[in-house]
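>>> Would you be able to build a 3D model of this:
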Amino acid sequence: MNQTEELIGIVDHIIFQNTENGFSVVVLQISKKEQTTVTGHLPTIHPGEQVTLQGSWTHHPKFGKQFEAQSCSRQLPTSVIGLKKYLGSGLIKGIGPVYATKLVNAFGANVLTVIDKEPHRLAFVDGIGHKRIEKIITAWQDQKEIANLMVFLQEKGISPAFATKIYKRYQNNAIDIISENPYQLVDDIWGVGFKTADQLAQKLGLEPVSPKRIRAGIIYAISEVLQRGHLYSEIIALKKQVLKLLELNDEQEQKIKEALQNLYNSEKIKVITTNDHHFITMSQYYYSEKGVATKIQRLAHHPMPYCFNINTIYNNLRVVKAEELQLNEDQQRGILACLQNKVTIITGGPGTGKTTLIKKMLTILEKENRRYKLAAPTGRAAKRITEGTGRYAMTIHRLLELDPATMQFKHNEDNALQLDFLIVDEASMIDIFLAHSILKALPLSAHLILIGDVDQLPSVGAGNVLNDMIASEIIASVRLTKIFRQAHDSLIIINAHRVNQGEFPISYVPETKRDFFFIKEENPENVSTHLTTLFTKGLTKAGINPNDAIVLVPMNRGIVGTHNLNYVLQGILNPAHTDKQISRTGTIYKIGDRVMQIRNNYDKAVFNGDIGFIHDINFNERQLLVAFDNRIIEYDFSELDELVLAYAISIHKSQGSEYVATIIPIFMNHFILLQRNLIYTAITRAKQLCIVIGQPKALAIAIKNNKGLKRNTFLKEFLTSDLQCR
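Residues are numbered from 1 along each chain as shown. Predicted coordinates for the structure are as follows:
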């Protein structure tokens, strides 16, 4: 066993730091001429700080002699060199390496005292004006409070990674709020889960059967069900889940019943009983689903303030000018349904003419002087409608005008949209909350037209809106099935329809573009080799820029998951090592990296699934700048858990988008997610080239599995019966 030793030095620079578990690799200056590498789970440290470490020396087979730290105490730097490193590390907004040197040259070893006690003296330093002084004062005070919060969290065994986000939310009240109710963190701080809060609660001495703990456990268990797309959980199953989560025994189930009753009395939850089964959900989900059903019924029964001459329009649809596309009978029927019904659904696969139908529909509305808007759930989907129709389309969030100050849409039942027709594309992506928001903003006189592909994956968010509406059979619905002749020359479209019909894809059809390939591979470990070949040679040979291709994977974890493949692809597409890079939670982010937002951030107007590129990394301001289309969005370093690398993304996250080329690994490793609608969705994302890599057995299993996951929803019942909550 190695002998424990003490090592004292100044942090020269940080090679790696995992902010979630604290594991770090740092270079320590232990004398004027000697440096060493230190590894271990350390508190958040900064260049320039003096640290005292307890640990032992080890020998790494690749990197040689290292010091493995078991404990670490920190002291603010006192030397000129240490102070310059400390202030130049970007720790304090407004001070970078240049100003760090100026400040230390001006005030020497007293510089931190000046910043803390006499900040007005900073004005005597060349280049530091009033605004920068204010920024430095604020950042210094914030950093002191965050440091106190980090110590508090670390003493309770909680990662200090959340300290900055917690402080931003609660300011100087952070420790008081956490101490009063640590479970508040789960609701208020994105990324803090129940288990983290529960660990903190127990460190603070909260009893295992505390009402606060049981209430938080119930809400967390419901939220877990909601995250899987359901709107409701059976109460019997939920109780079992809570007992397991809280590690309680069956004798303590009465405590859960009492907590459920209290939540029900406080209007936090709703219960629906049907066929002797009891279902539970959070109140806002019940009211959203019920609200969707109620508004659809009101729209359907509200008279149209104008009438179309249907016979004339029908005759015009049948008479086609030379420059126009011939509409088939389903398309004609779809247009007439949209004009005659207040709510209409048009669904169909690729190449069935949905865009052509929309274009013709818009021509009729323009001729009839009807006001309309085009919208879609994502920016990419909205851009596609604009390109396909020649008319402007926007995201639903922009249409409804989100107000970040109130986190509410400006358009609602009290401020309706001014239009006669609202046409929403990619409607399969709409979850119950977005559906409710759209319907609340519609005037009763308006028509709602939902365009989508019902065979794709359901929405990432909770609910099964499009399928439930169609299943109710009270909403006009037209399915486009005929593939247009122009689409028949694409193997992508042919195979998408084959998969949708339960048939294995094919790689060759005479007189058809070879835009679909299946690379058989039994060993998932060989995927990285295939990707290297494709991204360094194959795509370019096919006339495709490798940066326009994306890898779509069923899941995030594992050797053929997004996490590992992003690491592989970053090494291929953006390999250069540079000082302009930052490491967070085990991922290195570099300028030029493709990244994806993984939560809705209404303040930034960036939403789950949006993809951009890292434009710059500003260490002075502790910010990472990401370009989303034509906008540059600033991310504080504490917000980087909202981003992931996006060279490879999950198939679920690809909904609503199209890519020049898609590469889809499918293996038995993905067994739990192998479903037909998953493969169908992935193939339909490709515009010019689709390559599937994997095991024929895995692909066959997925294509045969058309069951999908049934979501617990009641929209169909709300539309067709008088089902009520109790």
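
>>> what's around Arg285, how many residues?
No Arg there; residue 285 is Tyr. Per other C-beta atoms under 10 Å, the neighbour tally for Tyr285 reads 22. In this view, the C-beta of every residue, glycine as well, is placed from N, C-alpha and C.

>>> What about the closest residue to it other than its chain neighbours, how many residues nearby?
Using C-beta to C-beta, 6 or more residues apart in numbering and skipping the chain neighbours, the partner closest in space to Tyr285 is Leu231 (5.2 Å). For Leu231, the tally of surrounding residues (other C-beta under 10 Å) stands at 25.

>>> where does Leu231 land in three-state SS?
coil (DSSP: H, G, I helix; E, B strand; the rest coil).

>>> That one contacts Glu717, doesn't it?
No - the criterion here is C-beta atoms under 8 Å, and Leu231 misses it with Glu717 at 11.6 Å.

>>> that older thread, okay, the residue nearest to Tyr285: pLDDT?
Each residue has a pLDDT score; the one for Leu231 is 95.

>>> Next up, the contacts around it.
With contact set as C-beta atoms under 8 Å, 6 or more residues apart in numbering, Leu231 has these partners: Thr281, Tyr285, Tyr286, Glu289, Ile432, Ala462, Gly463, Arg711, Asn712, Thr713, Phe714.

>>> Can you tell me which of these is nearest Gln17?
Closest to Gln17 out of the contacts of Leu231 is Ala462 (35.5 Å), distances taken as C-beta to C-beta.

>>> related to what we said a few turns ago, of the contacts of Leu231, which belong to strands?
Thr281 (DSSP state E).

>>> Is it possible to get CSV of the contacts of Leu231 that adds distance to Gly40?
Listed next are the contacts of Leu231 as CSV, based on distance: C-beta to C-beta, whole Å:
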residue, distance to Gly40
Thr281, 45
Tyr285, 45
Tyr286, 49
Glu289, 50
Ile432, 47
Ala462, 42
Gly463, 46
Arg711, 45
Asn712, 46
Thr713, 49
Phe714, 53
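
>>> Looking at the contacts of Leu231, which is nearest Gly586?
Looking across those and measuring by C-beta to C-beta, the closest to Gly586 is Ala462, at 29.5 Å.

>>> correct me, but that closest one touches Gly229?
Yes - here Ala462 lies in contact with Gly229, judged by C-beta under 8 Å, at a distance of 5.7 Å.

>>> who touches both of those two?
Arg711.

>>> Same drill for these two, tell me which one is more crowded.
Under the neighbour definition other C-beta under 10 Å, Ala462 and Gly229 were set side by side, and Ala462 has more, 27 against 21.

>>> list the contacts for the more buried one?
Contacts of Ala462 (C-beta under 8 Å, 6+ apart): Leu226, Gln227, Gly229, His230, Leu231, Tyr285, Asp431, Ile432, Phe433, Arg711.

>>> next helix or strand past the longest helix seen in the chain?
For the chain, the helix that runs over the most residues, judged by DSSP state H, is helix 130-155. Note on helix 130-155: by DSSP states H and E, the next helix or strand toward the C-terminus is helix 163-170.

>>> Return the mean pLDDT over whatever helix or strand comes next after that following helix, rounded to an integer.
Moving toward the C-terminus from helix 163-170, the next helix or strand (DSSP H and E) is helix 174-180. Here helix 174-180 scores 91 as its mean pLDDT.

>>> buried residues in helix 174-180?
Residues of helix 174-180 classed as buried by neighbour count (16 or more other C-beta atoms under 10 Å): Ala174, Ile175, Ile177, Ile178.

>>> cool, stretch 137-154 as well?
For stretch 137-154, burial by neighbour count (16+ other C-beta under 10 Å) applies to Ile137, Ala139, Trp140, Asp142, Gln143, Glu145, Ile146, Ala147, Leu149, Met150, Phe152, Leu153.

>>> doesn't Asn172 make contact with the fourth one?
Looking back up the chat, that one is Asp142. No - look at Asp142 against Asn172 with C-beta under 8 Å: they stay out of range, at 9.9 Å.

>>> remind me which residues of the stretch 351-500 of the chain are low pLDDT?
The model of the stretch 351-500 of the chain has pLDDT under 70 over residues 485-487.

>>> Any chance of a ChimeraX selection covering the buried ones in the contacts of Leu231?
Buried residues within these, by 16+ other C-beta under 10 Å, are selected in ChimeraX with:
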select :281,285,286,289,432,462,463,711,712,713,714
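
>>> Just the ones in helices from the contacts of Leu231, please.
Using DSSP H, Tyr285, Tyr286, Glu289, Ile432 are the members of the contacts of Leu231 that sit in helices.

>>> any idea how far the last one is from Thr395?
Using C-beta to C-beta, to the nearest Å, Ile432 is found at 18 Å from Thr395.

>>> Likewise for Lys244?
In terms of C-beta to C-beta, Lys244 sits 40 Å off from Thr395.

>>> How about Thr355?
Taking C-beta to C-beta as the measure, Thr355 falls 18 Å from Thr395.

>>> In this protein, which residue is most central in space?
Ile598 (2.0 Å; C-alpha atoms, centre = their mean).

>>> Find the nearest non-adjacent residue to it, please.
Per C-beta to C-beta, 6+ apart, closest to Ile598 is Val644, 5.7 Å.

>>> Likewise for Thr720?
Nearest residue to Thr720 in three dimensions, chain neighbours excluded: Ser472, at 5.3 Å (C-beta to C-beta, 6+ apart).

>>> that older thread, figure out how far the longest helix of the chain is from the centre of its chain.
29 Å (C-alpha atoms, centre = their mean, to the nearest Å).

>>> Name every strand pairing with the worst-scoring helix or strand of the chain on mean pLDDT and say which way it goes.
Lowest by mean pLDDT, DSSP states H and E among the helices and strands of the chain is strand 581-584, with a mean of 80. Sheet pairing for strand 581-584, assigned by DSSP bridges, gives strand 587-590 (antiparallel).

>>> hmm, who's touching the strand it pairs with?
Residues outside strand 587-590 that contact it (C-beta under 8 Å, 6+ apart): 566, 570, 574, 576, 578, 580-583, 595, 614, 617, 624, 640, 643-645.

>>> Which ones among those residues lie within strands?
Gln581, Ile582, Ser583, Val595, Ile614, Ile617, Leu624, Leu643, Val644, Leu645.

>>> Please consider this matter closed, and thank you.
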